[in-house]
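Visitor: sequence-free structure coming up:
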């Protein structure tokens, strides 16, 4: 899916599902962390930050995105460590190699599967009749190469899209409000999965919507990661 | 998604793939310099980031042409045109049967195989590559993005004001006007890229008279094909007649018989011929037969001795299957076999048509020839079964 469509899709989901708080999904409701060491690899977070122009365009921001990626990655690591997991640092394989593209494909696959979960699990009108109450999405056996290379038991995948109203957009929102016309501001949406690297199954999934979040600075970025992962059973 | 929102998404998508302030005008963006990268906090860096993401997907796309010979060939032409900028451009050859090439602000150039099927020679190809380089050198993507941003900003304010005054329809009208003016902007970009493409091909020694021929052939196909004219108001490319006239005029001023111009036809054919059967098969899959017929007629006129091209003309008739087409197909297959260089499938295709007509002896002879030419064919058991039936 074109990244530009994400924000619209996600906003739609949020609107239709009534701005609910983060509610996590578990593959197996009685699932519990195995005793002993749990090794978790954090996949490169798929983050993109944009500025919402007065005219309503999303202008991608490279500097914000770079900072946000670092904030999210370090917040993820800290969170998992406080949970007692052993964090395996993700090392990209030699550039241009086959593994490299395989990892990129996994992140893209997670974007697509996560998008499907958002649509079909969080939107009651689009619930898939054959799925029922089951939550059995998977990234498939393709994760095994990641398991072999990193030796991790689980992988955490995180997706964030965050937008901020430009000064012009803020002025338009204020001015329009005075005139009685509603204009939308920026918003933060994200989702995360815990993936079992032996099977590729998504054992846990959560999503986040926050019209006032900010990934550009360390502390609010930490809070966003915190509220996304707080219910993760690790 | 509501109306204005979807309109804006459409605009955003238009803006990111290339396309003005006239060169040298005050306030115009300077040309990109070799090895130049935008500063990280700029809007241009945001566009680069977006396209880097697209490139990541492109690098692992299953539609890329992996044939190294043709990739090297295209790369060499590109470098001849781009000179100092050559290391900044990454060229991807994408297997898709439409005439297209595109340029992203971060240096990703795409060449679609429909272009390789259609260019007559290296000079025409060089002109198209030069046109795309023009978008890169003049930073058309960021120019266009800024233009769209300004225009949508103004429109948004106007829309809010008119909506507040209870005249929402005026806002919609303003959006339409803004859309038209954004498209206008890109037509200027295309004209400029045409000029730069022409300059670059001439500098590299290619025959300047070839540039306008690209659009002429394309225009003939377009008129025959399924795609009707887009509304001129929304057309992102200048009307073709105008482009052709401009390029012809430039060629008239530039061409001198004393200089040693080249069209590079032999080198071009050598590089593209190995791919041609695949490209023609892709083309036929579009089932836009009227368009393909125009294309094939042009290719056959240039190479009447190519059995391969006669075979594909036969394939076109066989697939179209209108009244009289089976007979036309058979005629083309027979011409292909008489000309030489036809692929072994020609005999199979002819055999099937003859079998359907009840001409058993001729069908059997065709199938026999097919098995002789392709003894390891995947479908040889099937052909043996047909031969049994025909006995």
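Guide: Yes, it's here. Predicted model, so just to flag it, every value in this text is computed and none were measured.
Visitor: Have a look at chain A and report the helix or strand with the lowest mean pLDDT.
Guide: Here the helix or strand of chain A ranked lowest by mean pLDDT, DSSP states H and E is helix A:3-16, holding a mean of 55.
Visitor: can you tell me which residues contact residue A:171?
Guide: Contacts for residue A:171 (CB atoms under 8 Å, 6 or more residues apart in numbering or on different chains) come out as residue A:54. The way it works is simple: take the backbone N, C-alpha and C, and place the C-beta from them, glycine included.
Visitor: so which helix or strand takes in it?
Guide: helix A:167-178 (DSSP states H and E).
Visitor: buried residues in that helix?
Guide: A:168-170, A:172-173, A:176 (16 or more other CB atoms under 10 Å in any protein chain shown).
Visitor: how far out from the middle of the chain is that helix?
Guide: 29 Å (CA atoms, centre = their mean, to the nearest Å).
Visitor: so where do the helices sit in chain A?
Guide: With helices called from DSSP state H, chain A shows them at A:3-16, A:62-82, A:98-122, A:144-150, A:167-178, A:218-229.
Visitor: Can you give me the buried ones in stretch B:93-110?
Guide: By neighbour count with 16+ other CB under 10 Å, stretch B:93-110 contains the buried residues B:93-95, B:97, B:99, B:101-110.
Visitor: Confirm for me that residue B:291 is in contact with residue B:219.
Guide: No: here residue B:291 lies out of contact with residue B:219, judged by CB atoms under 8 Å, at a distance of 11.6 Å.
Visitor: When those two are compared, which one has more neighbours?
Guide: Counting neighbours by other CB atoms under 10 Å in any protein chain shown for residue B:291 and for residue B:219 shows that residue B:291 has the greater number, 19 against 15.
Visitor: Mind pulling the model confidence for the residue nearest to the more buried one when sequence neighbours are not counted?
Guide: Nearest non-adjacent residue to residue B:291, counting by CB to CB, 6 or more residues apart in numbering or on different chains: residue B:225, 3.3 Å away. What the model reports for residue B:225 is a pLDDT of 78.
Visitor: List the residues that contact residue B:225.
Guide: B:288, B:290-291, B:294.
Visitor: Return the entry from those with the maximum number of neighbours.
Guide: Counting neighbours by other CB under 10 Å, residue B:291 comes out on top of those with 19 neighbours.
Visitor: Please work out which residues outside stretch A:208-220 touch it.
Guide: A:10, A:14, A:19, A:22, A:47, A:49, A:64, A:67-68, A:71-72, A:74-75, A:160, A:162, A:164, A:185-191, A:221, A:223-224, A:227-228.
Visitor: tell me which residues in it are buried?
Guide: By 16+ other CB under 10 Å, the buried positions in stretch A:208-220 come out as A:208-210, A:213-216, A:220.
Visitor: Would you mind checking which of these is nearest to residue B:143?
Guide: Checking the buried residues of stretch A:208-220 against residue B:143 by CB to CB gives residue A:216 as the nearest, at 27.2 Å.
Visitor: quick one on the thing from earlier: list just the nearest of the buried residues of stretch A:208-220 to residue B:153.
Guide: Comparing those against residue B:153 with CB to CB places residue A:216 closest, at 22.3 Å.
Visitor: The residue of chain A most remote from its centre and residue B:155: what is the separation?
Guide: Distance from the C-alpha centroid of chain A, by CA atoms, centre = their mean, peaks at residue A:179 (36.3 Å). Distance of residue A:179 to residue B:155, computed by CB to CB, to the nearest Å: 16 Å.
Visitor: cool, residue A:48 as well?
Guide: With CB to CB as the criterion, residue A:48 and residue B:155 are 25 Å apart.
Visitor: and for stretch A:141-149, what are the contacting residues?
Guide: Outside stretch A:141-149, the residues that touch it by CB under 8 Å, 6+ apart are A:41, A:93, A:99, A:102-103, A:105-106, A:109, A:152-153, A:155, A:195, A:197-200.
Visitor: so what's residue 60 scoring on pLDDT?
Guide: Picked chain A for this. Residue A:60 carries a pLDDT value of 92.
Visitor: my question was about chain B
Guide: Residue B:60 is assigned 79 on the pLDDT scale.
Visitor: doesn't residue A:103 make contact with it?
Guide: No: taking contacts as CB under 8 Å, residue B:60 lies outside contact range of residue A:103: 10.5 Å.
Visitor: Show me which of these two is the more surrounded one.
Guide: Between residue B:60 and residue A:103, counted using other CB under 10 Å, the more crowded position is residue A:103 (20 against 14).
Visitor: separation between the more buried one and residue A:91?
Guide: Note on residue A:103: its distance to residue A:91, by CB to CB, is 10 Å.
Visitor: what's the answer for residue B:317, then?
Guide: Per CB to CB, residue B:317 is found 58 Å from residue A:91.
Visitor: who touches the one residue in chain A that gets nearest to chain B in this structure?
Guide: Across chain A, the shortest distance to chain B (CB to the nearest CB) belongs to residue A:55, at 2.7 Å. Contacts for residue A:55 (CB under 8 Å, 6+ apart) come out as B:8, B:149, B:151-156.
Visitor: how deep is the closest residue to residue B:332 other than its chain neighbours tucked in, by neighbour count?
Guide: With CB to CB, 6+ apart as the criterion, residue B:332 has its nearest non-adjacent residue at 3.3 Å, and that residue is residue B:314. Counted with other CB under 10 Å, the neighbours of residue B:314 add up to 27.
Visitor: Residue B:314 contacts residue B:330, doesn't it?
Guide: Yes: under the criterion of CB under 8 Å, residue B:314 makes contact with residue B:330 at 7.4 Å.
Visitor: Next, residue B:304: secondary structure please.
Guide: Here residue B:304 takes the coil state, with states given by DSSP: H, G, I helix; E, B strand; the rest coil.
Visitor: How much space separates it from chain A?
Guide: Using CB to the nearest CB, to the nearest Å, residue B:304 is found at 45 Å from chain A.
Visitor: Give the buried residues for stretch A:196-211.
Guide: By neighbour count with 16+ other CB under 10 Å, stretch A:196-211 contains the buried residues A:196-197, A:199-210.
Visitor: typo on my end, stretch A:58-77
Guide: Going by neighbour count (16+ other CB under 10 Å), the buried part of stretch A:58-77 is A:58-65, A:67-69, A:71-73, A:75-77.
Visitor: can you check stretch B:61-70 too?
Guide: Residues B:65, B:70 are the ones in stretch B:61-70 that count as buried (16+ other CB under 10 Å).
Visitor: Ends of that stretch, what's the gap?
Guide: The first residue of stretch B:61-70 is 18 Å away from its last residue (CA to CA, to the nearest Å).
Visitor: how far out from the middle of the chain is it?
Guide: The chain centre lies 16 Å from the centre of stretch B:61-70; the measure is CA atoms, centre = their mean.
Visitor: and if you look at stretch B:373-386?
Guide: Using CA atoms, centre = their mean, the offset of stretch B:373-386 from its chain centre is 37 Å.
Visitor: Rounded mean pLDDT for it, please.
Guide: Mean per-residue pLDDT for stretch B:373-386: 96.
Visitor: one step back: so which of the buried residues of stretch A:58-77 also contact chain B?
Guide: A:58-63, A:65 (CB under 8 Å from any CB of the partner chain).
Visitor: Which strands and helices lie in contact with the longest strand seen in chain A?
Guide: When chain A is parsed with DSSP state E, its longest strand is strand A:154-165. If you count contacts as 3 or more CB pairs under 8 Å, 6 or more residues apart in numbering or on different chains; DSSP states H and E, strand A:154-165 packs onto helix A:3-16, strand A:39-42, strand A:46-52, helix A:62-82, helix A:98-122, strand A:188-196, helix A:218-229.
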